[in-house]
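Q: only the shape, not the letters, is given here:
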């Protein structure tokens, strides 16, 4: 009889969320040159991609993030998710230059939120992420 697979740790879940969001963002940038903010959730080992529904043809990124956060907050309060991430395409100041970056606002039940910036370049159209920059995040779902 085989041993049951242990539940993933918080760190493993956060790593999975970051990897999935970075992969999806890169695909969207390579195909469409942009993407609207999106989210991902994790419960145990189950990952779910989340989009915000809006009636606007080209909604503002902040409005989409607000809608995503509202939905994630409902799921967190209902105990349906262990963690979540909201991904957005942003510009960051890195030293003396401004760069494109993927921003991940990452939260997990019982842990402080963090924001991760993944600067990227697109040589030949392919997305290449640089070293991550992190800072304390904002509570959006687990507050």
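A: Nice, thanks for sending it over. No experiment lies behind these values; they were computed from the predicted model shown.

Q: tell me where the longest helix sits in this protein.
A: In the chain, assigned by DSSP state H, the helix with the most residues is helix 10-32.

Q: just checking, what packs against that helix?
A: Applying 3 or more CB pairs under 8 Å, 6 or more residues apart in numbering; DSSP states H and E, one finds that helix 10-32 makes contact with strand 38-43, strand 46-50, strand 83-94, strand 97-108, strand 111-121. From N, CA and C alone the C-beta is placed, and that goes for glycine too.

Q: ok, now with 6 Å
A: Helix 10-32 sits against strand 38-43, strand 83-94, strand 97-108, with contacts defined as 3 or more CB pairs under 6 Å, 6 or more residues apart in numbering; DSSP states H and E.

Q: redo the ones you listed as TSV? Include mean pLDDT and mean neighbour count.
A: TSV is the format used below for the helices and strands packed on helix 10-32 (pLDDT from 0 to 100; neighbours: other CB atoms under 10 Å):
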stretch	mean pLDDT	mean neighbour count
strand 38-43	98	22
strand 83-94	94	20
strand 97-108	96	20
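
Q: about what we covered before: what sits up against the longest helix of the chain?
A: In this structure, residues lying in contact with helix 10-32 by CB atoms under 6 Å, 6 or more residues apart in numbering are 35, 40, 42, 47, 82-83, 85, 87, 102, 104, 106, 108, 111, 127.

Q: what is the nearest of the residues you listed to residue 7?
A: Of all the contacts of helix 10-32, residue 7 sits closest to residue 82, with 9.3 Å by CB to CB.
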